[in-house]
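Undergrad: Kindly generate the corresponding structure for this input.
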Amino acid sequence: MNEYKDLKLTVASSPHVNSPVNTRQLMLDLLLALIPAMAMGTYFFGWRALAMTAVSVVGCEVFEWGYRAMMKKPQTGGDLTAAVTGVLLAFTCPVALPYWVLLIGDFFAIVIVKQLFGGLGKNFLNPALAGRAFLMLAYSKYMATWVSPGTHNWMSLTGKIADVVSQATPMADLHSGKLPWQGAAGSSLQDLFLGNVSGCIGEISAAALLLGGVYLILRGVIKPRIPVAYLGTVAILTVIFPQGNNNVMWMLSQLCGGGLMLGAFFMATDYVTRPCTPKGEWIFGVGCGLLTVFIRYFGSYPEGVSYAILLMNVLTPIIEKYTHPGRFGATGKKGGAKA
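TA: Residues are numbered from 1 along each chain as shown. Model (predicted):
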């Protein structure tokens, strides 16, 4: 028995599963899946797109470190969650956004939305989307200054808004009831799919985001339920109600335009703010799709992805409450299970 004297007995509830996958590994996979979108953003907007993403990542990491140091809490920078928030927030902003405005968004996302509620796992809103929504309300002028894509119009790292040419976005044309190639943007469906359009840094290329989303599904980082339900709902609604345009072209433009692909694969699937039940994920995805189309069609803003996902984040506890599977053998009635 001497060989067992140094062993410790640990009493814990099931399931007893030892998995090599941790938060850091999941976040690393997310960052790898975002590389194609980052590459396309840099190709069409120049090095400033890469610089803005780097500044955002550093800002999020510093704000998280500073808050936890001030509150004397264990540091969590190594889990890469703050880095992912920084990348996603930068991806939802125009390349002409001043760095100081982006850093304000980082502070709001990390300190106000994440850390003040207890840190990772306790925030009820997606930090990156909440940061973007705050910037849209507080700095709408900066958040609505779009740059024409193309190597001939690359911004310098210190470029100012006055140095760039403002360009209409495909979403603005869709919001007015026109297909992108019929409106001011003059963008073809191929442009929308590849990313040769004006818009936010990481949202422009549907192809790159789709590639990253497939990678996450194959790696098992996310389940396809929410993206399929989200994109499927948008596709069905827009093909049925094309606002006087060609049904298929209108639907494809809605799917490829704006932040839908980024939202469906990288935002709505956030582990903390989405439902954990399979049925709840389907409901969550359908709800995001319904709200996105409703805001795009009837809202003041041409894009509705951010607000749709944030609203569904608020409803997540209710969805989980009514979709949570019952305990084995339980009937929900007093007196226990049936014999």
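
Undergrad: can you give me the helices in the stretch 101-250 of the chain?
TA: In the stretch 101-250 of the chain, the helices defined using DSSP state H, counting those that start in this stretch lie at 127-138, 140-143, 170-175, 189-194, 206-219, 225-240, 247-256.

Undergrad: closest to Ser306 out of those?
TA: The closest of these to Ser306 is helix 127-138. By C-beta to C-beta, the value is 4.9 Å. The way it works is simple: take the backbone N, C-alpha and C, and place the C-beta from them, glycine included.

Undergrad: buried stuff in the closest one?
TA: The neighbour-count check on helix 127-138 (16 or more other C-beta atoms under 10 Å) flags Pro127, Ala128, Leu129, Ala130, Gly131, Arg132, Ala133, Phe134, Leu135, Met136 as buried.

Undergrad: Need the winner for burial among the helices of the stretch 101-250 of the chain.
TA: Of the helices of the stretch 101-250 of the chain, the one with the most neighbours on average (mean count of other C-beta atoms under 10 Å) is helix 170-175, at a mean of 25.

Undergrad: That one - contacts with which helices or strands?
TA: helix 247-256, helix 278-298 (3 or more C-beta pairs under 8 Å, 6 or more residues apart in numbering; DSSP states H and E).

Undergrad: Is it possible to get JSON lines of those helices that adds mean pLDDT and distance to Pro227?
TA: Listed next are those as JSON lines, based on pLDDT from 0 to 100; distance: least, C-beta to C-beta, whole Å:
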{"stretch": "helix 247-256", "mean pLDDT": "94", "distance to Pro227": "11"}
{"stretch": "helix 278-298", "mean pLDDT": "96", "distance to Pro227": "7"}
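
Undergrad: just so I know, which of the ones you listed lies nearest Ser176?
TA: Ranking the helices and strands packed on helix 170-175 by proximity to Ser176 (C-beta to C-beta) places helix 278-298 first, at 11.3 Å.

Undergrad: Could you export the helices and strands packed on helix 170-175 to a markdown table, including columns for distance to Gly119?
TA: Formatted as a markdown table, these follow (distance: least, C-beta to C-beta, whole Å):
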| stretch | distance to Gly119 |
| --- | --- |
| helix 247-256 | 35 |
| helix 278-298 | 23 |
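
Undergrad: Which one of the ones you listed lies nearest to Ala229?
TA: Closest among the helices and strands packed on helix 170-175, using C-beta to C-beta: helix 278-298, at 2.7 Å.

Undergrad: and the closest one, what does it pack onto?
TA: If you count contacts as 3+ C-beta pairs under 8 Å, 6+ apart, helix 278-298 packs onto helix 170-175, helix 225-240, helix 305-323.

Undergrad: how about a cut-off of 10 Å?
TA: On a contact count with 3 or more C-beta pairs under 10 Å, 6 or more residues apart in numbering; DSSP states H and E, helix 278-298 meets helix 170-175, helix 225-240, helix 247-256, helix 260-262, helix 305-323.

Undergrad: Alpha carbons of the longest one, in PDB - could you do that?
TA: Right, the one you point to is helix 305-323. Extracted in PDB, the C-alpha atoms of helix 305-323 (Å, rounded to 0.1, in the frame of the first residue of the first chain):
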ATOM      1  CA  VAL A 305     -26.300  42.500 -37.400                       C
ATOM      2  CA  SER A 306     -24.800  44.000 -34.300                       C
ATOM      3  CA  TYR A 307     -28.000  45.100 -32.700                       C
ATOM      4  CA  ALA A 308     -29.800  41.800 -33.700                       C
ATOM      5  CA  ILE A 309     -27.100  39.700 -31.900                       C
ATOM      6  CA  LEU A 310     -27.000  42.000 -28.900                       C
ATOM      7  CA  LEU A 311     -30.800  41.800 -28.500                       C
ATOM      8  CA  MET A 312     -30.700  38.000 -28.700                       C
ATOM      9  CA  ASN A 313     -27.800  38.000 -26.100                       C
ATOM     10  CA  VAL A 314     -30.300  39.600 -23.700                       C
ATOM     11  CA  LEU A 315     -32.800  36.900 -24.500                       C
ATOM     12  CA  THR A 316     -30.300  34.000 -24.000                       C
ATOM     13  CA  PRO A 317     -31.300  33.300 -20.300                       C
ATOM     14  CA  ILE A 318     -35.000  33.000 -21.300                       C
ATOM     15  CA  ILE A 319     -34.200  30.800 -24.300                       C
ATOM     16  CA  GLU A 320     -32.100  28.500 -22.100                       C
ATOM     17  CA  LYS A 321     -34.800  28.300 -19.400                       C
ATOM     18  CA  TYR A 322     -37.400  27.000 -21.800                       C
ATOM     19  CA  THR A 323     -35.100  24.700 -23.900                       C
END
